[in-house]
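Visitor: Show me how the following folds:
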Amino acid sequence: MEKPTAPAPAPGVEPARVAARVIAVQEGVASVLAEPGVALTKNAAALLLPSRPGPDGRQERLLAEVLRIRGRVADLQLFESTAGVAVGDPVELSDTPLSVRLGPGLLGGLFDGLQRPFEAMAAAHGTFLPRGAEAPALDPAARWAFVPAVRSGDRVEAGDTLGTVEERRIRHRIMVPFDLPGSWSVLWIEAGVAGVDDVVAELAGPGGGRRAIRLAQDWPIRRPLPAPLLAAGRAERLLPQRPLVTTLRIIDTLFPVALGGTAAIPGPFGAGKTVLQGLIARYSEVDVVISVACGERAGEVVETIRDFARMEDPRRGGALLDRTVIICNTSSMPVAAREASVYTGVTIGEYYRQMGLDVLLIADSTSRWAQALRETSGRLEEIPGEEGYPPYLDSAIRALYDRAGVVRTRDGSVGSLTMIGAVSPAGGDFDEPVTRSTLSAVKTFLGLSADRAYKRFYPAIDPLLSWSRLDERLARHFETSGAPELPAQSRALRALLHEADEVARMLRVTGEEGIALSDFIRLEKARFADAVFLQQDAFDPVDVSAPPARQRALLALVMEVVERPLALADRDAVRRLFQRLTAIGRNLNYAPDGSPDRARLEAELRAELDSASAAGASRSTETS
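Guide: All right, here's what the predicted structure looks like:
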């Protein structure tokens with residue numbers, strides 16, 4: 001059969017024709033009047049064409065999205081500055097939703113919130129990008145070795161794998177378009193080297209329809225990618241049953257995050273949020289990392305990009321950037337693009353999840369995303385809710401986190417998308433609307449504390465504020481993975497920390513003489529557990545990452561200290577003992593597994609503990 005020479009597809013935001021005119025404009029929003037007979041579609045892409053030429057004399061094309069429709073009038077959200085836009089300017093409308101390009105070439109990429117690659121735009125326009133700058137999301141010149149997975153005559157459906165290409169050590173699946181209805185037959189498919197816009201196969205469907213298949217396809221960012229597959233029974237949503245291994249002790253042991261689950265990291269400025277997110281991204285046991293910098297300061301975003309480029313991937317070798325997609329809209333960029341950036345990142349994450357991969361998405365920060373919602377809502381003159389946020393803030397946050405999860409595809413592959421949102425509450429107020437709505441939507445809360453950060457307790461996750469709702473769900477996993485005692489140890493350690501906090505409050509009022517010796521011992525045990533187990537040195541090559549087996553061995557040692565009955569003579573003796581135990585425990589964290597130093601330090605700690613227990617037992621005998 002002769003292969004068609006179909007042209008490259010439209011990139012998903014290419015409007016159809018001039019069909020409306022601007023009738024009103026304000027910062028970020030333009031109202032347009034459609035011509036008679038023109039259909040308007042909510043969330044469809046549009047291009048506004050200012051009558052005044054740009055600084056370089058060219059015709060500017062300003063991307064926009066239809067937010068609200070009132071008869072023939074539509075309110076457009078512009079992703080660029082509206083300076084120079086005038087009443088009467090033409091607008092090109094389409095019925096295509098605002099979409100992203102999905103295909104090989106995403107990994108290692110640096111995009112803005114509309115998936116425009118910064119590197120390509122900088123090469124074309126220089127350091128300072130003009131308004132309306134455009135560039136293909138995926139490099140059309142890149143070539144990929146396509147290996148078919150089906151043959152001519154095979155029947156396929158939406159989401160099925162047609163073939164694969166190798167993308168930076170990831171086997172990237174080329175799949176049947178996700179919105180394709182019914183069963184289709186493969187007319188022809190060919191192996192070889194192709195670009196993202198080249199036709200590699202053709203399908204024949206019901207009623208004689210045909211569909212050319214390319215390496216890339218488009219998908220609307222505001223529509224969950226697996227929605228049509230789930231509705232048609234071609235995919236199945238599963239409950240998260242395994243923890244996300246971050247190799248951070250306080251998270252994995254006390255406040256676990258589910259693989260395919262959701263978590264929030266709220267914290268004030270200076271609490272180490274950026275460093276914590278970098279550690280989670282680098283050491284978590286996932287295949288792909290999506291980092292969304294949403295409204296953060298440009299300096300922090302640049303630092304993040306440089307760190308990812310320099311960091312070595314501890315799982316696969318090479319650079320961490322090789323399995324990372326970075327999407328950034330800094331605080332100086334348009335507000336509307338900031339709002340779209342989170343949805344762009346989630347859609348890319350869903351795409352890799354559909355390949356059966358484990359994906360981690362970290363959004364920093366969802367507070368800035370919510371502020372973009374508030375600004376757009378105000379421009380549309382909607383009735384404000386609490387603190388000026390739109391009344392649908394809570395449902396918007398829930399809908400965003402609901403796109404995380406575990407999905408099993410028709411071929412049995414299981415992929416996951418874990419979402420961790422950093423929240424930046426003003427003044428560290430966890431009761432403000434964004435933080436409150438986020439906490440009701442996520443399953444794990446990792447609250448950062450300015451007080452712990454001031455004391456140089458890192459990670460500065462406050463064990464008295466944080467929580468995880470996954471204890472019962474993950475208990476089965478720990479039973480089958482050889483650690484059935486872990487949930488009970490975790491509960492006991494959390495209980496000790498809360499009891500010690502009550503003792504510390506009493507001590508501040510009454511002094512040491514006002515509390516019993518047993519309470520003082522319990523307080524010192526909690527301080528020991530905090531210093532040795534909860535704190536982790538991000539700058540030490542050994543302590544920076546603690547695999548599950550190393551965590552469990554240390555936790556068993558800590559619980560041995562916590563549960564050992566001690567009958568020491570006075571508070572000074574207790575204080576001296578735990579100073580020695582803490583010093584040994586901290587040195588233990590720097591000793592590699594299986595090293596002579598580790599064995600020696602474990603023996604020293606147990607000897608100190610045995611000595612204190614024997615001394616206590618001897619005094620008890622003499623007293624009796």
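Visitor: What are the boundaries of the strands in the stretch 401-550 of the chain?
Guide: The residue ranges that make up the strands of the stretch 401-550 of the chain, judged by DSSP state E, counting those that start in this stretch, are 405-409, 414-423, 444-445, 467-468.
Visitor: Out of these, which gets nearest to Leu67?
Guide: Each of these was scored for nearness to Leu67 using CB to CB, and the closest is strand 414-423 (23.3 Å). Where C-beta positions appear, they are placed from N, C-alpha and C, glycine not excepted.
Visitor: mind listing what that closest one pairs with, with the direction of each?
Guide: Based on DSSP bridges, the pairing partners of strand 414-423 within the sheet are strand 262-266 (parallel), strand 358-364 (parallel), strand 405-409 (antiparallel).
Visitor: got the contact list for the closest residue to Arg353 other than its chain neighbours?
Guide: Distance criterion CB to CB, 6 or more residues apart in numbering; nearest residue to Arg353, sequence neighbours excluded, is Gly415 at 3.8 Å. When contacts are counted by CB atoms under 8 Å, 6 or more residues apart in numbering, Gly415 is found next to 352-359, 406-407, 409.
Visitor: What ranges does the stretch 201-350 of the chain have for its strands?
Guide: Listed in chain order (using DSSP E, counting those that start in this stretch), the strands of the stretch 201-350 of the chain are 210-214, 217-220, 235-238, 262-266, 288-294, 324-329.
Visitor: Output those strands in TSV; the columns should cover mean neighbour count.
Guide: Rendered in TSV, the data for these read as follows (neighbours: other CB atoms under 10 Å):
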stretch	mean neighbour count
strand 210-214	17
strand 217-220	20
strand 235-238	16
strand 262-266	27
strand 288-294	27
strand 324-329	25
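Visitor: Minimum distance to Leu588: which of those has it?
Guide: Scanning the strands of the stretch 201-350 of the chain with CB to CB as the criterion, the closest one proves to be strand 262-266, at 27.6 Å.
Visitor: can you give me how far the closest one is from the chain middle?
Guide: 9 Å (CA atoms, centre = their mean, to the nearest Å).
Visitor: Quick check: mean pLDDT of that strand?
Guide: Strand 262-266 comes out with an average pLDDT of 96.
Visitor: if we can go back for a sec, tabulate the strands paired with strand 414-423 (CSV), appending distance to Ser51.
Guide: Converted to CSV, those look like this (distance: least, CB to CB, whole Å):
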stretch, distance to Ser51
strand 262-266, 46
strand 358-364, 38
strand 405-409, 47
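Visitor: which one of those strands is the most hemmed in?
Guide: Relative to the other members of the strands paired with strand 414-423, strand 262-266 carries the highest mean neighbour count by mean count of other CB atoms under 10 Å, namely a mean of 27.
Visitor: neighbouring contacts of that strand?
Guide: Where contact means CB under 8 Å, 6+ apart, the residues beyond strand 262-266 that reach it are 257, 273, 276-277, 366, 401, 404, 418-425, 430, 435, 438-439, 441-448.
Visitor: now stretch 122-131
Guide: Counting contacts by CB under 8 Å, 6+ apart, the residues outside stretch 122-131 that touch it are 54-56, 60, 62, 80-81, 121, 133, 135.
Visitor: Report the contact partners of the nearest residue to Pro240 once chain neighbours are set aside.
Guide: Distances taken as CB to CB, 6+ apart put Ala258 closest to Pro240, at 3.6 Å, once the chain neighbours are dropped. Applying CB under 8 Å, 6+ apart, one finds that Ala258 lies in contact with 240-244, 418, 443-444, 470, 473-474.
Visitor: Looking at those, which is nearest Ser331?
Guide: Each of the contacts of Ala258 was checked against Ser331 using CB to CB; the closest is Thr418, at 26.0 Å.
Visitor: shouldn't that closest one be in contact with Val257?
Guide: Yes - with the criterion set as CB atoms under 8 Å, Thr418 and Val257 qualify as a contacting pair; they are 6.6 Å apart.
Visitor: So between the two, which is more surrounded?
Guide: Neighbours per residue (other CB atoms under 10 Å) separate Thr418 from Val257, with Val257 holding more: 29 against 26.
Visitor: Please dump the strands of the stretch 201-350 of the chain into CSV; it should also carry distance to Thr480 for every row.
Guide: Shown next, in CSV, are those (distance: least, CB to CB, whole Å):
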stretch, distance to Thr480
strand 210-214, 41
strand 217-220, 36
strand 235-238, 16
strand 262-266, 23
strand 288-294, 26
strand 324-329, 31
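Visitor: Any idea which of those strands gets closest to Ala495?
Guide: Comparing the strands of the stretch 201-350 of the chain by their distance to Ala495 (CB to CB), the top pick is strand 262-266, with 22.2 Å.
Visitor: what about dumping the CA coordinates of that closest one to CSV?
Guide: C-alpha atoms of strand 262-266 as CSV (Å, rounded to 0.1, in the frame of the first residue of the first chain):
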residue,chain,number,x,y,z
THR,A,262,-0.5,13.1,47.0
ALA,A,263,1.3,15.2,49.6
ALA,A,264,1.8,18.8,50.5
ILE,A,265,4.8,20.6,51.9
PRO,A,266,3.8,24.0,53.4
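Visitor: on that earlier part again, quick one, which of the strands of the stretch 401-550 of the chain is nearest to Arg580?
Guide: strand 467-468 (32.8 Å).
Visitor: what lines up beside that closest one in the sheet?
Guide: Paired strands of strand 467-468, with direction, are strand 444-445 (antiparallel) (DSSP bridges).
Visitor: And for the partner strand, what's in contact with it?
Guide: If you take CB under 8 Å, 6+ apart as the criterion, strand 444-445 is touched by 255-258, 261-264, 266, 439, 465-470.
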